[in-house]
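Asker: have a look at this prediction, sequence included:
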Amino acid sequence: MTLRRCSWVNVNSPISISYHDNEWGIPVMDENKLFEMLILEGAQAGLSWQTILNRRGEYRKLFKQFVPVDVANMSDEELEELLCTGRIIRNRRKIFSARKNAKIFLEIQKEFGSFYSYVWNFVKGKQIVRRNACAADVPTNSRESHSLSKDLIKRGMSFIGPTIAYSYMQSIGLIDDHVDYCFKRASKMEQ
(Lines give C-alpha, C1' and ligand atoms only; values in the text may rest on other atoms or scores of the structure.)
Protein backbone atom coordinates (compact mmCIF):
# COMPACT_ATOMS: atom_id res chain seq x y z
CA MET A 1 0.00 0.00 0.00
CA THR A 2 1.32 3.44 -0.94
CA LEU A 3 1.43 5.99 1.86
CA ARG A 4 -0.47 9.21 1.19
CA ARG A 5 1.61 12.31 1.77
CA CYS A 6 1.10 16.06 1.63
CA SER A 7 0.74 17.17 -1.99
CA TRP A 8 3.91 19.32 -1.99
CA VAL A 9 6.06 16.18 -1.71
CA ASN A 10 7.84 15.19 -4.92
CA VAL A 11 7.02 11.47 -4.90
CA ASN A 12 9.78 10.87 -7.46
CA SER A 13 12.40 12.30 -5.11
CA PRO A 14 13.71 10.19 -2.23
CA ILE A 15 15.14 13.41 -0.73
CA SER A 16 11.72 15.08 -0.73
CA ILE A 17 10.02 12.00 0.70
CA SER A 18 12.62 11.63 3.45
CA TYR A 19 12.39 15.32 4.37
CA HIS A 20 8.59 15.12 4.62
CA ASP A 21 8.53 11.83 6.51
CA ASN A 22 11.40 12.46 8.93
CA GLU A 23 11.75 16.22 9.43
CA TRP A 24 8.89 18.48 8.36
CA GLY A 25 6.63 19.35 11.29
CA ILE A 26 8.79 17.47 13.81
CA PRO A 27 10.08 19.64 16.70
CA VAL A 28 13.81 20.38 16.52
CA MET A 29 15.91 21.07 19.62
CA ASP A 30 19.40 20.90 18.07
CA GLU A 31 20.82 24.43 17.76
CA ASN A 32 22.85 23.71 14.61
CA LYS A 33 19.77 22.22 12.94
CA LEU A 34 17.72 25.28 13.94
CA PHE A 35 20.37 27.45 12.31
CA GLU A 36 20.60 25.22 9.23
CA MET A 37 16.89 25.45 8.56
CA LEU A 38 16.91 29.22 9.08
CA ILE A 39 19.60 29.62 6.41
CA LEU A 40 18.06 27.09 4.00
CA GLU A 41 14.60 28.66 4.25
CA GLY A 42 16.15 32.05 3.43
CA ALA A 43 18.04 30.53 0.50
CA GLN A 44 14.78 29.07 -0.79
CA ALA A 45 13.11 32.48 -1.17
CA GLY A 46 11.80 32.66 -4.73
CA LEU A 47 12.79 29.08 -5.52
CA SER A 48 11.34 25.63 -5.01
CA TRP A 49 12.10 23.72 -1.83
CA GLN A 50 13.20 20.79 -4.00
CA THR A 51 15.98 22.98 -5.43
CA ILE A 52 17.31 23.57 -1.91
CA LEU A 53 16.90 19.95 -0.82
CA ASN A 54 18.92 18.84 -3.86
CA ARG A 55 21.79 21.14 -2.78
CA ARG A 56 21.49 20.63 0.98
CA GLY A 57 24.60 18.46 1.24
CA GLU A 58 26.66 21.11 -0.53
CA TYR A 59 25.22 23.85 1.68
CA ARG A 60 26.31 21.82 4.71
CA LYS A 61 29.85 21.45 3.38
CA LEU A 62 30.25 25.05 2.26
CA PHE A 63 28.60 26.56 5.34
CA LYS A 64 30.69 24.56 7.81
CA GLN A 65 27.97 22.06 8.79
CA PHE A 66 25.88 25.06 9.88
CA VAL A 67 27.80 25.57 13.10
CA PRO A 68 26.67 29.16 13.83
CA VAL A 69 29.98 30.39 15.29
CA ASP A 70 31.89 29.03 12.29
CA VAL A 71 29.53 30.71 9.81
CA ALA A 72 29.67 33.96 11.82
CA ASN A 73 33.47 33.89 11.44
CA MET A 74 33.51 33.32 7.67
CA SER A 75 35.59 35.95 5.87
CA ASP A 76 34.48 38.03 2.92
CA GLU A 77 36.88 35.99 0.79
CA GLU A 78 35.26 32.71 1.85
CA LEU A 79 31.81 34.06 1.07
CA GLU A 80 33.00 35.42 -2.29
CA GLU A 81 34.31 31.95 -3.17
CA LEU A 82 30.82 30.55 -2.63
CA LEU A 83 29.58 32.83 -5.41
CA CYS A 84 31.90 31.04 -7.82
CA THR A 85 30.53 27.57 -7.20
CA GLY A 86 27.52 26.13 -8.93
CA ARG A 87 26.89 23.86 -5.97
CA ILE A 88 24.59 26.27 -4.12
CA ILE A 89 22.34 29.18 -5.09
CA ARG A 90 24.70 31.95 -6.17
CA ASN A 91 22.89 34.94 -4.76
CA ARG A 92 25.25 37.42 -3.13
CA ARG A 93 22.68 38.83 -0.72
CA LYS A 94 21.58 35.38 0.45
CA ILE A 95 25.15 34.12 0.87
CA PHE A 96 26.33 37.15 2.81
CA SER A 97 23.15 37.19 4.91
CA ALA A 98 24.12 33.76 6.29
CA ARG A 99 27.07 35.31 8.13
CA LYS A 100 25.04 38.25 9.40
CA ASN A 101 22.21 35.96 10.49
CA ALA A 102 24.71 33.66 12.25
CA LYS A 103 25.99 36.58 14.33
CA ILE A 104 22.44 37.51 15.33
CA PHE A 105 21.63 33.85 16.02
CA LEU A 106 24.57 33.78 18.46
CA GLU A 107 23.37 37.00 20.14
CA ILE A 108 19.92 35.45 20.60
CA GLN A 109 21.50 32.31 22.10
CA LYS A 110 23.33 34.47 24.64
CA GLU A 111 20.21 36.45 25.51
CA PHE A 112 17.82 33.49 25.84
CA GLY A 113 20.20 30.64 26.71
CA SER A 114 19.40 28.93 23.40
CA PHE A 115 17.77 29.73 20.09
CA TYR A 116 15.35 26.92 20.87
CA SER A 117 14.08 28.80 23.96
CA TYR A 118 13.76 31.99 21.95
CA VAL A 119 11.88 30.57 18.98
CA TRP A 120 9.44 28.43 21.00
CA ASN A 121 8.25 31.60 22.76
CA PHE A 122 6.45 32.53 19.55
CA VAL A 123 4.11 29.54 19.93
CA LYS A 124 3.93 29.79 23.73
CA GLY A 125 6.01 26.61 24.08
CA LYS A 126 3.44 24.38 22.39
CA GLN A 127 3.39 23.07 18.83
CA ILE A 128 0.57 24.45 16.70
CA VAL A 129 -1.23 21.58 14.96
CA ARG A 130 -3.57 22.76 12.24
CA ARG A 131 -6.37 20.73 10.70
CA ASN A 132 -6.03 21.08 6.94
CA ALA A 133 -8.33 19.08 4.69
CA CYS A 134 -6.16 19.80 1.65
CA ALA A 135 -3.09 21.78 0.58
CA ALA A 136 -5.22 24.83 -0.26
CA ASP A 137 -6.12 25.07 3.44
CA VAL A 138 -2.48 25.38 4.57
CA PRO A 139 -1.69 29.05 5.23
CA THR A 140 1.49 30.74 4.02
CA ASN A 141 1.85 32.91 7.10
CA SER A 142 0.27 33.48 10.48
CA ARG A 143 0.15 35.86 13.40
CA GLU A 144 3.02 33.89 14.93
CA SER A 145 5.17 34.03 11.79
CA HIS A 146 4.57 37.78 11.53
CA SER A 147 5.73 38.18 15.15
CA LEU A 148 8.82 36.02 14.63
CA SER A 149 9.70 37.77 11.38
CA LYS A 150 9.22 41.22 12.89
CA ASP A 151 11.43 40.42 15.86
CA LEU A 152 14.21 38.84 13.79
CA ILE A 153 14.20 41.74 11.32
CA LYS A 154 14.31 44.20 14.23
CA ARG A 155 17.39 42.34 15.47
CA GLY A 156 18.97 42.72 12.00
CA MET A 157 18.32 39.40 10.25
CA SER A 158 17.43 39.29 6.58
CA PHE A 159 15.59 36.84 4.32
CA ILE A 160 13.07 36.19 7.08
CA GLY A 161 9.79 37.81 6.04
CA PRO A 162 6.50 36.40 7.41
CA THR A 163 6.17 33.74 4.69
CA ILE A 164 9.75 32.52 5.11
CA ALA A 165 9.26 32.61 8.89
CA TYR A 166 6.14 30.46 8.49
CA SER A 167 8.01 27.91 6.36
CA TYR A 168 10.78 27.95 8.95
CA MET A 169 8.27 27.30 11.73
CA GLN A 170 6.95 24.32 9.77
CA SER A 171 10.46 23.00 9.07
CA ILE A 172 11.46 23.01 12.74
CA GLY A 173 8.15 21.70 14.05
CA LEU A 174 6.72 24.79 15.70
CA ILE A 175 3.82 24.25 13.33
CA ASP A 176 2.51 20.91 12.05
CA ASP A 177 0.60 21.46 8.83
CA HIS A 178 0.37 17.89 7.53
CA VAL A 179 -2.95 17.63 5.72
CA ASP A 180 -5.62 15.33 7.12
CA TYR A 181 -5.15 12.61 4.48
CA CYS A 182 -1.36 12.46 5.01
CA PHE A 183 -0.15 9.37 6.84
CA LYS A 184 1.78 11.65 9.26
CA ARG A 185 -1.46 13.30 10.37
CA ALA A 186 -3.32 10.00 10.52
CA SER A 187 -0.69 8.54 12.86
CA LYS A 188 -1.09 11.52 15.21
CA MET A 189 -4.88 11.30 15.16
CA GLU A 190 -4.64 7.65 16.24
CA GLN A 191 -2.58 8.51 19.33
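Answerer: Great, that's in hand. Residues are numbered from 1 along each chain as shown.

Asker: residue contacts, the nearest residue to Tyr19 once chain neighbours are set aside?
Answerer: Distances taken as C-beta to C-beta, 6 or more residues apart in numbering put Leu53 closest to Tyr19, at 5.8 Å, once the chain neighbours are dropped. Every residue, glycine included, has its C-beta placed from N, CA and C. For Leu53, the contacting residues are Ser13, Ile15, Ser16, Tyr19, by C-beta atoms under 8 Å, 6 or more residues apart in numbering.

Asker: how about the strands of the chain, start to end?
Answerer: For the chain, the strands defined by DSSP state E cover 128-129, 175-176.

Asker: so which of those strands is the most surrounded?
Answerer: Comparing the strands of the chain by mean neighbour count (mean count of other C-beta atoms under 10 Å), strand 175-176 comes out on top with a mean of 21.

Asker: for it, which strands pair with it and how are they oriented?
Answerer: strand 128-129 (parallel) (DSSP bridges).

Asker: buried ones in stretch 118-138?
Answerer: Residues Tyr118, Val119, Trp120, Phe122, Val123, Ile128, Arg130, Asn132, Val138 are the ones in stretch 118-138 that count as buried (16 or more other C-beta atoms under 10 Å).

Asker: low-confidence ranges in the protein?
Answerer: 1, 186-191 (pLDDT under 70).

Asker: closest one of the contacts of Leu53 to Ile39?
Answerer: Ile39 lies nearest to Tyr19 out of the contacts of Leu53, by C-beta to C-beta, at 15.6 Å.

Asker: Cys134 versus the closest one, what's the distance?
Answerer: 20 Å (C-beta to C-beta, to the nearest Å).

Asker: what count of nearby residues applies to Leu79?
Answerer: 18 (other C-beta atoms under 10 Å).

Asker: er, Lys154 I mean
Answerer: 8.

Asker: same check, this time on Tyr168
Answerer: Tyr168: 25 neighbours (other C-beta under 10 Å).

Asker: roughly how far apart are the nearest residue to it once chain neighbours are set aside and Thr2?
Answerer: Closest residue to Tyr168 apart from its sequence neighbours, by C-beta to C-beta, 6+ apart: Glu41 at 4.5 Å. Distance, Glu41 to Thr2, using C-beta to C-beta: 29 Å.
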